[in-house]
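Peer 1: Next one to model:
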Amino acid sequence: MVKITDDLKISTTLKNLSRPQSKTSGPDFAKKLSEAYQKDRNKPAAALKNESLAALIESTSVRKIMAAELIKPIGQVEETLGKLDEYTKALGDPNQNLKEVSSLVKELEEQAESLSKASQDLPEGHAVKDLMDRTAVIATVEAIKFNRGDYV
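Peer 2: Predicted coordinates:
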């Protein structure tokens, strides 16, 4: 029987350390890192700036601020589109009289005016401004067609 001593432990440990380590069969990390670095270096500065801007927008606090800013205008657009849907259904319903449809047209005119005023308060290039303008135009055109008698 062999008696285990501290000398035996140290010599076994030294033998294990002197053996060459076997490589894993996965991709070379240094190579992947170098490729990723070169890919970023080849991008123009504007692209990197846009990526950092996109990362900023992705942050939750910025998203919450942007969402809060868009809630009221989008709500107005949705309300107007809902009125336009009601108006379309009323025009297609033969049981509706012109007086009932006329009240919907008045509401559409008010919604279109409200959208136009709210749109003017927004800066040029705002994400919802174009949508608000287009919705107001559609509502106004439909009101003008009805008042002109196109659907009678």
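Peer 1: mind checking which helix or strand the closest residue to residue 102 other than its chain neighbours is in?
Peer 2: Nearest non-adjacent residue to residue 102, counting by Cβ to Cβ, 6 or more residues apart in numbering: residue 146, 7.6 Å away. For glycine as for every other residue, the C-beta is placed from the backbone atoms N, C-alpha and C. Secondary structure assignment for residue 146, by DSSP states H and E: helix 129-148.
Peer 1: What average pLDDT does that helix get?
Peer 2: Mean pLDDT, helix 129-148: 93.
Peer 1: in it, what counts as buried?
Peer 2: By 16 or more other Cβ atoms under 10 Å, the buried positions in helix 129-148 come out as 129, 131, 132, 135, 136, 138, 139, 140, 142, 143, 146.
Peer 1: From the contact counts, what lies against that helix?
Peer 2: Applying 3 or more Cβ pairs under 8 Å, 6 or more residues apart in numbering; DSSP states H and E, one finds that helix 129-148 contacts helix 60-92, helix 98-121.
Peer 1: now what about that helix, what contacts it?
Peer 2: For helix 129-148, the surrounding residues in contact (Cβ atoms under 8 Å, 6 or more residues apart in numbering) are 73, 76-77, 80-81, 83-84, 87, 101-102, 105, 108-109, 111-113, 115-116, 118-119, 122-123, 151.
Peer 1: Now, of those, which are buried?
Peer 2: Looks like the contacts of helix 129-148 have 73, 76-77, 80, 83-84, 87, 101, 105, 108-109, 111-112, 115-116, 118-119, 122 buried, using 16+ other Cβ under 10 Å.
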